[in-house]
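In: can't give you the sequence, but here's the structure:
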């Protein structure tokens, strides 16, 4: 507050040396700048994304992730993952979303929940899980990020995010297709960097474990995955994929046990045999994961240039757009992303974030009927 007073006083002293009309002009400019800042803040505070907006952003986020990592073109695997996810989502707070479950074609051990009901798990994660209960624990966690609208709230409440242009809003008050397309890769960065806060991760763990238990899955499945992730990342100082969580992984493991005890969760099914029948993958050791060293952690070609252009516009006082800093919470995070990209260019990186992916981003469409889901649920024993 003191700094603001000093700046205003200095501006006033400079203007005092000028003629009266110039003084008024200088003060008018100061007031105009303050009014614009207030208006921008009020617009950001009032931003509200409808479910239609959420879905549009989620579609573009999913496209970015699929373009980055490719999609496993295996209908059997996709249908199996879809059955697990659909059974879990039906127990969630938003059962009527048009849920989509996608297997990304990469050795990275990771999972991503895009707004609007798009759940992505990697081929590496499927190989890392040992049974259906473990997969259900992870997917329940990701489904909760969607039902609780964690990414949506980040967009709505960040001080640095603004639709910023009249052209970005439709007459009905929603965002345009162009705005959704621009936001999608930025939300993808949010997911890749796992920027959920501690409260959001705790909520996703708590609700996700209960969703799995409700279907009959052993609620320790999520805990077992976290234990192996902790061991897998032993000695690493970087944030690596699903391991880069808040709080630290060991704290999450202990917290999951508290959730199980508090809620008296006692389901026992692991469904290991069915898992092995449907999932043919084995996870690679972290040291053997091939990484994209092209500086290519960007989720869309040419994105870095666009971000730089936006940054230059802001420096010159131009209208703020959808630059990376405008959705990641400021320049500090933008610098972090640039450092990751720079590391990739040097041939080093974060394995589960910067892993190479496949070349085919096409979604694999599978049909799952209510009867299929009911039959699947009977096998959880």
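Out: That came through, no problem. On a predicted model such as this, the values are computed, not experimentally measured, just so you know.
In: only C-alpha atoms for contact and neighbour calcs from this point on.
Out: Noted.
In: all strands for the stretch 51-200 of the chain, in order.
Out: Along the stretch 51-200 of the chain, counting by DSSP state E, counting those that start in this stretch, strands occupy 100-104, 111-114, 118-122.
In: for those strands, which one sits closest to residue 368?
Out: Among these, strand 100-104 comes nearest to residue 368, with 11.0 Å by Cα to Cα.
In: outside of that closest one, which residues touch it?
Out: 66, 69-72, 78, 81-82, 85, 117-123, 357, 363-364 (Cα atoms under 8 Å, 6 or more residues apart in numbering).
In: mind redoing it with 6 Å?
Out: Contacting residues not belonging to strand 100-104 are listed as 69-72, 82, 118-123 [Cα atoms under 6 Å, 6 or more residues apart in numbering].
In: which among these gets closest to residue 176?
Out: residue 118 (19.9 Å).
In: Could you measure from the residue nearest to that closest one when sequence neighbours are not counted over to residue 199?
Out: Nearest residue to residue 118, sequence neighbours excluded (Cα to Cα, 6 or more residues apart in numbering): residue 100, at 4.9 Å. For residue 100, the distance to residue 199 equals 25 Å [Cα to Cα, to the nearest Å].
In: gap between residue 189 and residue 366?
Out: Counting by Cα to Cα, the gap from residue 189 to residue 366 is 28 Å.
In: who wins for proximity to residue 138 among the strands of the stretch 51-200 of the chain?
Out: For the strands of the stretch 51-200 of the chain, proximity to residue 138 was assessed by Cα to Cα; strand 111-114 is nearest, at 7.9 Å.
In: related to what we said a few turns ago, check the strands of the stretch 51-200 of the chain for me and report the most buried one.
Out: By mean neighbour count, with neighbours taken as mean count of other Cα atoms under 10 Å, strand 111-114 ranks first of the strands of the stretch 51-200 of the chain at a mean of 28.
In: Same list (the strands of the stretch 51-200 of the chain) but as a markdown table, adding mean pLDDT.
Out: Conversion of the strands of the stretch 51-200 of the chain to a markdown table gives the following (pLDDT from 0 to 100):
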| stretch | mean pLDDT |
| --- | --- |
| strand 100-104 | 98 |
| strand 111-114 | 96 |
| strand 118-122 | 98 |
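In: nearest to residue 150, of these?
Out: Per Cα to Cα, nearest to residue 150 of the strands of the stretch 51-200 of the chain: strand 111-114, 9.6 Å.
In: Check which helices and strands the closest one sits against.
Out: Judged by 3 or more Cα pairs under 6 Å, 6 or more residues apart in numbering; DSSP states H and E, strand 111-114 is in contact with strand 118-122.
In: Neighbouring strands of the strand it packs on in the sheet, and parallel or not?
Out: strand 100-104 (parallel), strand 111-114 (antiparallel) (DSSP bridges).
In: nearest to residue 57, of those strands?
Out: Across the strands paired with strand 118-122, residue 57 has its closest neighbour in strand 111-114 (8.2 Å, Cα to Cα).
In: Give me the contacts around that closest one.
Out: 58, 119-121, 142.
In: And the furthest pair within those?
Out: Pairwise distances across the contacts of strand 111-114 peak at 15.2 Å for 58 and 121 (criterion: Cα to Cα).
In: Now residue 84. Nearest residue, chain neighbours left out?
Out: Sequence neighbours aside, residue 136 is the residue nearest to residue 84 in space, at 6.7 Å (criterion: Cα to Cα, 6+ apart).
In: which regions of the stretch 101-250 of the chain sit below the pLDDT cut-off?
Out: 158-173, 236-247 (pLDDT under 70).
In: Please repeat the previous calculation with a cut-off of 80.
Out: 157-174, 235-248 (pLDDT under 80).
In: mind checking which helix or strand residue 367 is in?
Out: Using DSSP states H and E, residue 367 sits in no helix or strand.
In: again but with residue 231, I slipped
Out: helix 220-232.
In: Could you pull out the buried residues of that helix?
Out: For helix 220-232, a neighbour-count test (16 or more other Cα atoms under 10 Å) marks 220-226, 229-230 as buried.
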